[in-house]
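> Sharing a model that was predicted from the sequence below.
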2 protein chains.
Amino acid sequence: MPAVSDCINMLDSETKAVETPEDHAEELRLWLRLLTCTTLIEGEVRGRLRQRFDVTLPRFDLMAQLDKAPDGMTLSDVSKRMMVSNGNVTGLVERLVESGHLDRRTSETDRRVQVIRLTKLGRAEFRRMAAEHEAWIADLFADLTPKDVRELMRLLAKTKASAQKSAARSRP
Amino acid sequence: MPAVSDCINMLDSETKAVETPEDHAEELRLWLRLLTCTTLIEGEVRGRLRQRFDVTLPRFDLMAQLDKAPDGMTLSDVSKRMMVSNGNVTGLVERLVESGHLDRRTSETDRRVQVIRLTKLGRAEFRRMAAEHEAWIADLFADLTPKDVRELMRLLAKTKASAQKSAARSRP
DNA sequence: GGAAAACATTTTAGGCTTAAAACAATTTGG
DNA sequence: CCAAATTGTTTTAAGCCTAAAATGTTTTCC
């Protein structure tokens, strides 16, 4: 039979991970910095889009998706690509159809599906905005060298893969 | 007097930046990847907070700010730290006071100012959530080596500085 | 001292966002 | 074939978020 002191030691050692949890302060700081960068840039782009073109960022993002898909996309496609909820897309599309930027029609092969496309107006306006938008992004990242950009791309790819794995683990 | 062909060449050369704009596709891709990473992680954290603690991410973020400030913060401080609008904070605080997590009082030295603090309940609940939250973040970044983390920190610091400079340029 | 500027917060109006439930159409498997 | 599961979208209820205007307070500076 172990002595009392042994029991205490065993307990301490067994529960160590709980009592003195590992230090993940670095990862936490990294996450906060990542979030700060994104929030900063996103806010800047949002403001410039509003001031310059009187358009919201979500509308711009949706149009950007459609610009890459001349044959149109389904609402589900858009929702997955933009990583937003289905209901969100429904509302966004509604307003963009209303303003004449989007064309929405029910698929002829599957009546559940709505296919949306940019209208001529929508495409023209998007192209005009996209050109300036690209210049803004270039300016926001202007202090990064090409090497910095490559390195960030690599590390963010790794981050994305890591996060996706973690997300998959959390819902089997 | 220059020949016609010279005029054309001059025109081409002078308008080159407009006609064949510089290629900033790399920066654009970087921005999209940055945004994807953040959205992915943010969505994951949001979902886990909701499922595990029935709390929203903005509430958690606000409580995190206050946990670091035992003497409380003004609404403006919070608004700047969280990089959200003033009105947004007003609403968030209202709901957290309502639920008993926050204490709000008018400053005695400046009657414009509202000072908010975590209540005992608020602090206890936050600490409980924060412990798990830190583990989630560690897991989401699990595939990054310590060197990756350091390098990302460095590059994101550079990115933040670059974006802040660009933002300052755009509103003198 | 008092008008004007600056500041902190709230209000307003509109849009964005989500999760969950509801609905509609298609596919699947007995 | 047809009931059950799946898929695509919309609806609902609640909360988040912003920009701009409004309100109340303090500071500045003639």
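That came in fine, so what should we check first?
> Any regions of chain A where pLDDT drops low?
Scanning chain A for pLDDT under 70 picks out A:1-21, A:172.
> Mind doing that once more with 50?
A:1-20 (pLDDT under 50).
> now the strands for chain A?
Counting by DSSP state E, the segments of chain A that form strands are A:73-74, A:102-106, A:114-118.
> could those strands be laid out in a markdown table, adding distance to DNA strand C and mean neighbour count?
C-beta: built from backbone N, CA, C; applies to glycine. Shown next, in a markdown table, are the strands of chain A (distance: least, C-beta to the nearest atom of the strand, whole Å; neighbours: other C-beta atoms under 10 Å in any protein chain shown):
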| stretch | distance to DNA strand C | mean neighbour count |
| --- | --- | --- |
| strand A:73-74 | 12 | 18 |
| strand A:102-106 | 9 | 15 |
| strand A:114-118 | 11 | 20 |
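> which stretch among the ones you listed comes nearest chain B?
Distance to chain B, taken as C-beta to the nearest C-beta, is lowest for strand A:73-74 among these, at 16.9 Å.
> ok so, going back, now the strands of chain A in TSV, with distance to residue B:93?
Putting these into TSV (distance: least, C-beta to C-beta, whole Å) gives the following:
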stretch	distance to residue B:93
strand A:73-74	40
strand A:102-106	38
strand A:114-118	39
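> Would you tell me which of these gets closest to residue A:53?
Residue A:53 sits nearest to strand A:114-118 of all the strands of chain A, at 15.3 Å, using C-beta to C-beta.
> Give the partner strands of that closest one in its sheet and their orientations.
Sheet pairing of strand A:114-118 (DSSP bridges) gives strand A:73-74 (antiparallel), strand A:102-106 (antiparallel).
> Identify the residue nearest the geometric centre of chain A.
By C-alpha atoms, centre = their mean, chain A has its centre lying nearest to residue A:83, at 6.1 Å.
> State the distance from the closest residue in space to it that isn't next to it in sequence to residue B:46.
Nearest residue to residue A:83, sequence neighbours excluded (C-beta to C-beta, 6 or more residues apart in numbering or on different chains): residue B:39, at 5.0 Å. Here the criterion is C-beta to C-beta, to the nearest Å. By it, residue B:39 lies 10 Å from residue B:46.
> that older thread, need the strands paired with strand A:114-118 in a markdown table (columns: distance to DNA strand D).
Compiled in a markdown table, these are given as follows (distance: least, C-beta to the nearest atom of the strand, whole Å):
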| stretch | distance to DNA strand D |
| --- | --- |
| strand A:73-74 | 4 |
| strand A:102-106 | 7 |
